[in-house]
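*Asks:* Give me coordinates for this.
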Amino acid sequence: MARDAAHMAYWLVEELAMTQARCELPYATYAYPYGAKCPIILSDVPRLADLYEQAWSHEARVIEEEREEAAEHLRREQSKAYAINCIERNDWKALDLPSPEHLSTELYAGRPMRVDGHFLDYEDGIVWMDNPYGVEGCLGEEPTIHLCRQFLSRIAKGGIYGPEP
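*Replies:* Alright, predicted model coming up:
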């Protein structure tokens, strides 16, 4: 029975620390939030105090990772929305990409092009492509404006042709 009570106490201390971190950290405006320090009621028991501080620190790291992931996701979504807007306006220069017409003309003329880490070359009736990871592939048969637009649209939205690690 004492063992069960101890397990329950450890569990409650961990839950308290994680809940305190979840409730407090999103709104914390200072470097050392209140909940980071063990509550006075637990400080008399070193094992519980250590458990609380470890659980709080772990949860704080998890929360920070979640914040970073959310910020990165938001940044990607905003970048993609900007790319879609530029594509609709046919403003390839704003995306630092050649226009589909220019890419098509260059490839038809037999001049290879490098676009955002991708190497494109038209020979023997096929548009060959190497992606930034060195994976070779066939993009299509002829470098039509439609094919070039599809390729550039995918690149502008943050995509890569071929397998990625």
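
*Asks:* Domain map for this protein?
*Replies:* In terms of domains, the chain is parsed into 2-80, 90-156 (source: automatic domain parsing).

*Asks:* Report the rounded mean pLDDT for the last one.
*Replies:* The one in question is domain 90-156. Per-residue confidence for domain 90-156 averages out to 94 on the pLDDT scale.

*Asks:* how long is that domain end to end?
*Replies:* For domain 90-156, the first and last residues are 12 Å from each other (CA to CA, to the nearest Å).

*Asks:* Pipe the domains of the chain into a markdown table and attach mean neighbour count per row.
*Replies:* No exception for glycine: its C-beta is placed from N, CA and C like everyone else's. Below are the domains of the chain laid out as a markdown table (neighbours: other CB atoms under 10 Å):
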| stretch | mean neighbour count |
| --- | --- |
| domain 2-80 | 14 |
| domain 90-156 | 15 |
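
*Asks:* Distance to residue 162 added to these, as CSV?
*Replies:* Output for the domains of the chain, formatted as CSV (distance: least, CB to CB, whole Å):
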stretch, distance to residue 162
domain 2-80, 20
domain 90-156, 4
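
*Asks:* Figure out which of those is closest to residue 163.
*Replies:* Across the domains of the chain, residue 163 has its closest neighbour in domain 90-156 (5.5 Å, CB to CB).

*Asks:* List just the one of the domains of the chain that sits closest to residue 164.
*Replies:* The closest approach between residue 164 and any of the domains of the chain, judged by CB to CB, belongs to domain 90-156 at 6.5 Å.

*Asks:* Distance from that closest one to the middle of the chain?
*Replies:* Centroid separation between domain 90-156 and its chain, computed with CA atoms, centre = their mean, to the nearest Å, is 25 Å.

*Asks:* How about stretch 37-45?
*Replies:* Taking CA atoms, centre = their mean, one finds the center of stretch 37-45 at 39 Å from the center of the full chain.

*Asks:* What average pLDDT does that stretch get?
*Replies:* Mean pLDDT, computed over stretch 37-45, is 84.

*Asks:* go on, stretch 60-80?
*Replies:* Stretch 60-80 shows an average pLDDT of 93 in the prediction.
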